[in-house]
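Participant: Got a predicted model here, sequence first, then my questions.
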Amino acid sequence: MKETVFLTGAGSGIGKAIAKKLSADGYDLVLIGRRLNKLQETATEINRPSECLELDLSLGSQIVTDTVKSWIQDHSENQVIGLVNNAGQFLRSPFGDDQDDWDLLFQVNLMGPVNLTRALWPHFQKNREGRIVNISSNLGQTPVAGTSAYSALKAALDNFTKCLALEGGAFNIRVNSVAPGLVDTPIHDFHQKDDSGSLQLKAALHGMHPLSRMGQAEDIAGAVSYFLNPNNSWTTGAILNVDGGLSLTSKDP
């Protein structure tokens, strides 16, 4: 059977890099996101079969569950062995001005992974195999000012990871988390700008890291690949910082 991994937020940035890496590792992929055209772009850039599912994870558990069940029923030739909860949003604002941020990020950054995991959990239990990777953030461990919603919800995602690792062990379901630091992706305004201000900002951000550079999406993809690899079958409940050592410093990005 074809080993298949569900991947959310697959249309750009870290998600696209993860798709390319997992494809190279030999997995078939189900690419999930809100923008079908972006998912299709990713699908054309990888060398393994993939399907695109246009799905807004903030719409609630029933829609997510129905979509996943329908896909599995229609693709009995695929063995779904993995899930990467990568989709998320980052917003920064002072507490007191961020009520809308809390509401949005709660639905996308926490309940999105919860609902999709819940939809696949019975499948993993039945097959007695599952490999789940949640994309968290080092802000879940070391928050900075203006990120109360984002940081708190990433901390919740890390604890969700640990709880699931405890519950899933008896079914050979491994659950781990990758906690990126500052990754140079198009989500940042300076990513594709070459003006002097952006170049100076990039240089400063690189210099904040003990390894003297911001992360690349491929750095995160490599960590995800490690957790999904069956050769690493004795690792569960881990929170892996992939941040160039930034969490070891007191510097605020």
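Facilitator: Good, I have the coordinates. Residues are numbered from 1 along each chain as shown.

Participant: Residue 151: how many residues sit nearby?
Facilitator: 21 (other CB atoms under 10 Å). C-beta coordinates here come from the backbone N, C-alpha and C atoms, glycine included.

Participant: swap that for residue 70, please
Facilitator: 11.

Participant: do you know how far residue 71 is from residue 113?
Facilitator: 18 Å (CB to CB, to the nearest Å).

Participant: And those two? Which one has more around it.
Facilitator: Using other CB under 10 Å as the criterion, residue 71 and residue 113 rank with residue 113 on top: 27 against 19.

Participant: I'd guess the more buried one is in a helix, am I close?
Facilitator: Yes - the assignment for residue 113 is a helix, going by DSSP: H, G, I helix; E, B strand; the rest coil.

Participant: Beta-bridge partners for the nearest residue to it once chain neighbours are set aside, please?
Facilitator: The spatially closest residue to residue 113, leaving aside those adjacent along the chain, is residue 85, at 3.7 Å (CB to CB, 6 or more residues apart in numbering). When bridges are called by DSSP bridges, residue 85 pairs up with residue 134.

Participant: ranges for the helices of this structure?
Facilitator: All helices of the chain, identified by DSSP state H, fall at 13-24, 36-44, 61-74, 99-105, 112-127, 148-168, 196-207, 217-228.

Participant: Buried residues of the fifth one, list them for me.
Facilitator: Okay, so that is helix 112-127. 112, 113, 114, 115, 116, 117, 119, 120, 121, 123, 124, 125 (16 or more other CB atoms under 10 Å).

Participant: pLDDT score assigned to the most centrally placed residue in the chain?
Facilitator: For the chain, the residue nearest the mean C-alpha position is residue 86 (1.9 Å; CA atoms, centre = their mean). If you check residue 86, the pLDDT there is 97.

Participant: show me the contacts for it.
Facilitator: 7, 8, 9, 10, 14, 15, 18, 135 (CB atoms under 8 Å, 6 or more residues apart in numbering).
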